[in-house]
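Colleague: Sequence first, then the predicted structure, then my questions.
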Amino acid sequence: MVYDAAKVGDEICLKIVENLGWLNAIGIANVIAAYDPELITIGGSVTLNNTKLVLEPIKRFIKDLSVNRIPEIDVTPLGHDIVLYGALAMNFMEE
């Protein structure tokens, strides 16, 4: 509901989305510092249904938070099947 309200310009929800972007960027900056990836993909239903609202703040804030080069940050190409792929991967890891 927060993202739906942000899409129509609700100021409080836009601020919440901005703060979530900041927090996500902090987490991604930590991943970049630890692993120096070339690509980071973000998935989940919130991201897939609100791509612009999720990615834009992350890409804007990551520049100030990362000490390494900034990788490509994009939405997962696996779409809504990402959960299925994760479950399959976990199954094979247990064997």
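Modeller: The structure has been received and is ready for your questions. Numbering: from 1, shown residues only.
Colleague: Please name the bridge partners of the most centrally placed residue in the chain.
Modeller: Closest to where the C-alpha atoms of the chain average out (C-alpha atoms, centre = their mean) is residue 42, at 4.2 Å. Going by DSSP bridges, residue 42 is paired in beta bridges with residue 75.
Colleague: okay but it is in contact with residue 54, surely?
Modeller: Yes: counting by C-beta atoms under 8 Å, residue 42 touches residue 54, with 6.8 Å between them. For the C-beta atoms, the positions are set from N, CA and C on the backbone; glycine is no exception.
Colleague: joint contacts of these two?
Modeller: residue 24 (C-beta atoms under 8 Å, 6 or more residues apart in numbering).
Colleague: What's the biggest helix in this structure, counting residues?
Modeller: Counting residues, the longest helix found in the chain (DSSP state H) is helix 11-35.
Colleague: List the residues that contact the residue nearest to the centre of the chain.
Modeller: 24, 54, 55, 58, 73, 74, 75, 76.
Colleague: Same question for residue 26.
Modeller: Residue 26 neighbours (C-beta under 8 Å, 6+ apart): 61, 65.
Colleague: confidence score at it?
Modeller: pLDDT, residue 26: 98.
Colleague: Tell me how far it lies from residue 33.
Modeller: 11 Å (C-beta to C-beta, to the nearest Å).
Colleague: got it, and residue 43?
Modeller: Applying C-beta to C-beta to residue 43 and residue 33 gives a distance of 21 Å.
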